[in-house]
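Asker: requesting a structural model of the entry that follows:
(one chain, ligands or ions: 1)
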Amino acid sequence: MYNQFLNYRKKMKDVESAISLLNWDMETYMPEGAASMRSGHISTLSSIYHELATASDYESMLKNLQDDTTLNFSQKRNVELCLKDLSRAKKLPASYVEALSHATSSGFINWQKAVKAKDFSLFAPSLKKLLTLKKEEANYVGYEGHIYNAFLAEFEPGTTSEEVDIIFQDVKEKLIPLLKQITQKESADNSFLKVHFDEQKQWDFSLELLKQMGLDFKYGRQDKSHHPFSTSFGSEDCRVTTHVHANDVMNTIGSCIHEGGHALYEQGLSAIAYGLPEAQAISYGLHESQSRFWENNIGLSKAYWQYNLPRMQTYFPEQLQGIDLSTFYRAINIVRPSLIRTASDEITYHFHIMIRYEIEKALLTDQIKVEDLPAYWNAKYKEYLGIEVPDVAQGVLQDVHWSHGAFGYFPTYSLGSFYAAQWHAKLKELYPDFDAKVACGDLAFIKEWLNQNIHKHGRLYSASELCTKLTGEPLSFKYFLSYAQNKYLP
Ligand SMILES: [Zn+2]
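Answerer: Predicted structure coming up:
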């Protein structure tokens with residue numbers, strides 16, 4: 001019976017991988033004229049997937065296995081998680097799924113129009129519709145406590161809004177004073193990084209950095225896309241994409257390392273457990289804990305650049321001539337409140353997320369009206385970051401997430417950074433020569449630790465169980481705070 005289950009899950013995963021591959025192609029190589037045919041391909045495969053994922057045969061197979069006492073720990077856990085996923089999928093009526101799919105398609109189109117025209121009113125009706133639908137969804141799937149928990153369950157299963165509140169309370173109480181201290185002293189100059197850097201050389205250097213991290217190009221590749229992303233079709237085929245910024249080399253490098261961190265997670269998942277929850281990432285926050293760990297904790301560290309600055313200088317001798325490590329290190333670590341989340345530094349980033357989190361909760365509980373959203377947004381930016389928002393395109397409309405109806409997604413970015421700080425602290429405890437190793441270009445021990453302790457378990461443990469198993473306690477903001485204090489206060 002368990003073998004039958006394995007074959008069934010493999011079939012589901014094959015269909016899902018085909019959809020992912022078509023999506024990857026759509027963002028990279030697909031000719032423009034193929035768009036409408038392609039959405040047909042994807043929609044056909046998606047309905048085949050939905051049939052497989054909600055079939056009554058599949059459900060009875062799972063229910064029989066649930067009573068099978070011969071299963072071992074991981075087998076049992078795989079069955080339990082599949083049942084959990086199935087029960088959530090079955091709670092949403094087909095008519096609702098269809099209505100949401102229409103609302104997100106037109107929401108995305110109207111969001112694009114509104115950004116272009118810098119006119120929030122072009123998006124407001126779509127956002128209202130999406131909020132109504134998402135509240136309906138919360139009732140279908142059910143939740144305890146705050147309605148926000150219905151959405152967190154999708155992106156960060158096992159974490160509640162009440163827990164996220166505690167973490168952002170810490171952000172507010174401890175990060176605001178720290179930010180003040182840091183920005184008072186901020187005087188670094190990064191203008192030498194904002195000049196033209198040859199695009200092909202940026203590409204070549206980024207591949208060298210990915211190989212250093214241990215990304216295995218026998219089982220993956222990098223391509224170009226408008227927005228960088230990573231995807232995988234199983235641990236034996238993991239793709240990253242990048243966007244080369246001719247005049248912003250560190251943007252290219254940071255996002256390559258970020259996506260590389262995602263891809264290492266996917267490559268580290270079990271190949272044997274293909275199709276099972278055991279070969280799936282735990283949550284969005286845990287995925288971000290990998291990408292942000294590599295991007296920030298490693299990729300913005302002095303030790304990392306002690307090794308890599310000389311290498312970068314061989315690619316770009318003109319632009320980086322005479323730049324020493326400490327000048328470079330300060331230039332890539334400037335902390336300064338800014339308007340745009342994706343361009344912000346690793347400290348102020350969390351205020352961008354906290355603002356979105358507070359707004360989502362207020363919208364979902366009708367504490368604010370959609371019409372008042374731009375003014376509310378601007379007031380929050382003034383309050384937390386002390387900056388004026390010039391227009392809605394650089395304000396409330398800067399992110400695509402809400403146009404897709406993705407409420408509950410934003411906190412996973414901050415949770416990811418905070419988990420990353422906790423892994424970082426653990427690694428430094430286990431390897432007292434951590435920085436010395438990194439400064440010699442040795443990153444293999446880090447990848448190995450992540451592989452053995454995080455990646456290979458897939459979803460067998462929840463985020464909080466895994467965190468406690470590895471660090472002795474569940475997620476705690478104190479690790480990020482001490483990381484930030486140690487890095488930015490001296
Ligand atoms: Zn990411």
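Asker: which one is residue 257 nearest to, not counting chain neighbours?
Answerer: Counting by Cβ to Cβ, 6 or more residues apart in numbering, residue 299 is the residue found nearest to residue 257 once chain neighbours are left out, at 4.2 Å. Yep, even glycine has a C-beta here, placed from its N, CA and C like the rest.
Asker: backbone torsions only: list them for that neighbour.
Answerer: The phi and psi values for residue 299, taken as degrees, to the nearest 10, are phi -70, psi -10.
Asker: likewise for residue 365?
Answerer: Dihedral angles of residue 365 (phi, psi; degrees, to the nearest 10) stand at phi -110, psi 20.
Asker: look up how far residue 131 lies from it.
Answerer: The gap separating residue 365 from residue 131 is 11 Å, by Cβ to Cβ, to the nearest Å.
Asker: which of these two has more residues huddled nearby?
Answerer: Here residue 365 and residue 131 are compared on neighbour count by other Cβ atoms under 10 Å; more neighbours surround residue 131, at 19 against 12.
Asker: would you map the helices across the stretch 151-300 of the chain?
Answerer: Listed from the start of the chain, the stretch 151-300 of the chain has helices (DSSP state H, counting those that start in this stretch) covering 161-170, 176-185, 199-213, 249-268, 284-292.
Asker: how about the secondary structure of residue 442?
Answerer: Recorded secondary structure, residue 442: coil (DSSP: H, G, I helix; E, B strand; the rest coil).
Asker: same question but for residue 317, I mixed them up
Answerer: Under three-state DSSP, residue 317 comes out as coil.
Asker: count the residues that sit near it.
Answerer: Going by other Cβ under 10 Å, the residues that sit close to residue 317 add up to 9.
Asker: where do the strands sit along the stretch 251-400 of the chain?
Answerer: Listed in chain order, the strands of the stretch 251-400 of the chain (DSSP state E, counting those that start in this stretch) amount to none at all.
Asker: that older thread, worst average pLDDT in the helices of the stretch 151-300 of the chain?
Answerer: Averaged per stretch, pLDDT over the helices of the stretch 151-300 of the chain is lowest on helix 176-185, reaching a mean of 92.
Asker: please name every helix or strand in contact with that helix.
Answerer: Helices and strands touching helix 176-185, as assessed by 3 or more Cβ pairs under 8 Å, 6 or more residues apart in numbering; DSSP states H and E, comprise helix 478-488.
Asker: next, format the helices of the stretch 151-300 of the chain as a markdown table and append mean neighbour count and distance to residue 117.
Answerer: As requested, the helices of the stretch 151-300 of the chain are arranged in a markdown table below (neighbours: other Cβ atoms under 10 Å; distance: least, Cβ to Cβ, whole Å):
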| stretch | mean neighbour count | distance to residue 117 |
| --- | --- | --- |
| helix 161-170 | 17 | 33 |
| helix 176-185 | 14 | 34 |
| helix 199-213 | 17 | 31 |
| helix 249-268 | 24 | 26 |
| helix 284-292 | 25 | 31 |
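Asker: output the ones you listed as CSV; include the columns distance to residue 474.
Answerer: Converted to CSV, those look like this (distance: least, Cβ to Cβ, whole Å):
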stretch, distance to residue 474
helix 161-170, 9
helix 176-185, 23
helix 199-213, 27
helix 249-268, 20
helix 284-292, 12
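Asker: mind checking how far residue 219 is from residue 299?
Answerer: As it turns out, when the distance is counted by Cβ to Cβ, residue 219 lies 22 Å from residue 299.
Asker: of those two, which one has the most company?
Answerer: When residue 219 and residue 299 are compared on other Cβ under 10 Å, the one with more neighbours turns out to be residue 299, at 23 against 16.
Asker: which ones are touching that one?
Answerer: In this structure, residue 299 makes contact with 253, 254, 257, 258, judged by Cβ atoms under 8 Å, 6 or more residues apart in numbering.
Asker: same thing with residue 297?
Answerer: Neighbour list for residue 297: 420, 421, 423, 424, 483 [criterion: Cβ under 8 Å, 6+ apart].
Asker: cutoff 7 Å now
Answerer: Contacts for residue 297 (Cβ atoms under 7 Å, 6 or more residues apart in numbering) come out as 420, 421, 424.
Asker: what does residue 483 give?
Answerer: Residues in contact with residue 483 (Cβ under 7 Å, 6+ apart) are 421, 424.
Asker: which residues of the stretch 1-150 of the chain fall in helices?
Answerer: Here the stretch 1-150 of the chain has its helices, by DSSP H, counting those that start in this stretch, at 2-28, 35-54, 56-66, 73-91, 94-117, 124-141, 148-155.
Asker: tell me which of the ones you listed lies nearest to residue 328.
Answerer: Minimum separation from residue 328 across the helices of the stretch 1-150 of the chain (Cβ to Cβ) falls at helix 2-28, 31.8 Å.
Asker: quick one: the closest one to chain centroid distance?
Answerer: Centre-to-centre, helix 2-28 and its host chain are 21 Å apart (Cα atoms, centre = their mean, to the nearest Å).
Asker: just stretch 93-106 next, same as before
Answerer: Per Cα atoms, centre = their mean, the displacement of stretch 93-106 from the mean C-alpha position of its chain is 24 Å.
Asker: contact partners for residue 387?
Answerer: If you count contacts by Cβ under 7 Å, 6+ apart, residue 387 has them with 337, 339, 381.
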